[in-house]
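Engineer: Okay, predicted coordinates and the sequence, questions at the end:
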Amino acid sequence: MVAAEQPVALKLDSEIVTIHTRHPFIIARGGRSEYQVLLVRLTDGDGLVGWGEAYPSSYYGESIPGVQDAFRAAAGALPADPMNLEGAERRFLEVAPRSAAARAALSIALHDLFGKRLGQPLWRLWGLDAGKTPRSSFTIGIDTPEKMRAKVLEAADYDILKIKLGTDHDEDLLRTIRDATDKPIRVDANAAWTRERALAMLPVLKEFGVDLLEQPLVPDDLDGLRAVRRASPGIPIVVDESCLVATDIPKVAGAVDGINIKLAKCGSLREALRMIATARAHGMLVMVGCMIETSVAITAAAHFTPLVDVADLDGAALTVDDPFTGARIDRGAIVLPTEPGLGVVRR
């Protein structure tokens, strides 16, 4: 008879880290060059450390104090068995229902510990092929023509560019980019267009060779999204803000072509996997995106990229002071770590 494994006590610590982008990162809702994230460490009784990261997006009603409150609540609800990932995530949802960012950080940290205790990287524990990752795009925020041309040059190692739109001069922004490069272009309007504006922009996007349109309308305008999709000249329509978790997918299925998964809004790695399965059941395209984050959160998302069609995981690459190393983007190709767990290392 095999003796049962003894419970492993966990300790939770967190810290605020400030990171900076190379250029002010401007989207339709505004922008800045300084960002604060929260790192969490879960340490087990053997001294193994699992790293996690929370990005508190004000768009989703999150804040640094809110995440800290959620961490305090979670500290009293840590699992006796850190290998029970599903049970732990259910408990985190009970004690911190209003902070998907905090729950995502805790999920990432637990999965990091899970892989370290088993001596394998997450992608291998999930049975995935590290050679099947899609190429990541590089995002160019809204800026002056001169600075946007400079950003195109800085993104020389990336095969795909993602352009932020949502201004009254979007055509000029697209022309600036297209005059500077013949690379594939994806566009994200960050919910800034009206239905009429989106419909008018479709032939413009086609003219400039855009191959994906993300969140053209406000999140709850599903009828508008359906109309944009019907009128699209073969450009897939993907939603981000309209779809947070797996249960949102049935309502957007049929209105759009795909969804964009972000850990900071869906709340956990296991929820991300559920979103992929649900989207596939509805025949939808699956994209994974990110916030301006360190390599902890970016690497966590990178581990499930063999399951998705489209990747936009340049959040850490846009910064100048990422305190971690982890998954790499090598000329656009996502290279997954082979070390146990996440495979991230603090510099």
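Structural biologist: That came through, no problem. Residues are numbered from 1 along each chain as shown.
Engineer: Now do the contacts for Gly267.
Structural biologist: 93, 100-101, 103-104, 107, 245 (CB atoms under 8 Å, 6 or more residues apart in numbering). Any C-beta I mention is one placed from the backbone N, CA and C, and that applies to glycine too.
Engineer: Can you select the buried ones among the residues you listed for me in PyMOL?
Structural biologist: This is the PyMOL syntax for the buried subset of the contacts of Gly267, where burial follows 16 or more other CB atoms under 10 Å:
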select buried, resi 100+101+103+104+107+245
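Engineer: okay if I get the contacts of Gly267 as TSV plus distance to Ile177 and secondary structure?
Structural biologist: Listed next are the contacts of Gly267 as TSV, based on distance: CB to CB, whole Å; DSSP: H, G, I helix; E, B strand; the rest coil:
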residue	distance to Ile177	secondary structure
Leu93	41	helix
Ala100	32	helix
Ala101	31	helix
Arg103	36	helix
Ala104	32	helix
Ser107	36	helix
Val245	33	coil
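Engineer: Check which helix or strand the residue nearest to Asp240 when sequence neighbours are not counted maps to.
Structural biologist: Nearest residue to Asp240, sequence neighbours excluded (CB to CB, 6 or more residues apart in numbering): Asn260, at 4.0 Å. Using DSSP states H and E, Asn260 sits in strand 258-261.
Engineer: Can you pull up the most central residue in the protein?
Structural biologist: Cys290 (2.5 Å; CA atoms, centre = their mean).
Engineer: thinking that one is in contact with Ala300, fair?
Structural biologist: No: using CB atoms under 8 Å, Cys290 makes no contact with Ala300, being 9.7 Å away.
Engineer: Which residue ranges of the stretch 101-250 of the chain form helices?
Structural biologist: With helices called from DSSP state H, counting those that start in this stretch, the stretch 101-250 of the chain shows them at 122-125, 145-154, 170-180, 195-207, 222-231, 249-252.
Engineer: So in this structure, where's the weakest helix or strand by average pLDDT?
Structural biologist: Ranking every helix and strand in the chain by mean pLDDT, DSSP states H and E puts strand 328-330 at the bottom, with a mean of 90.
Engineer: now what about that strand, what contacts it?
Structural biologist: Counting by CB under 8 Å, 6+ apart, residues outside strand 328-330 touching it are 136, 157-158, 313-314, 317, 334-335.
Engineer: mind putting the contacts of Gly267 in TSV, distance to Val17 and pLDDT included?
Structural biologist: Formatted as TSV, the contacts of Gly267 follow (distance: CB to CB, whole Å; pLDDT from 0 to 100):
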residue	distance to Val17	pLDDT
Leu93	25	97
Ala100	19	98
Ala101	14	98
Arg103	19	98
Ala104	16	98
Ser107	19	98
Val245	26	98
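Engineer: how about the contacts of Gly267 in CSV, adding distance to Ala279?
Structural biologist: Converted to CSV, the contacts of Gly267 look like this (distance: CB to CB, whole Å):
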residue, distance to Ala279
Leu93, 21
Ala100, 18
Ala101, 22
Arg103, 20
Ala104, 18
Ser107, 19
Val245, 12
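Engineer: list residues touching both of Cys290 and Ala300?
Structural biologist: Leu263.
Engineer: circling back: neighbours of the closest residue to the residue nearest to the centre of the chain other than its chain neighbours, just the number please.
Structural biologist: The shortest distance from Cys290 to any non-neighbouring residue, by CB to CB, 6+ apart, is to Gly315 (3.9 Å). When neighbours are counted by other CB atoms under 10 Å, Gly315 registers 27.
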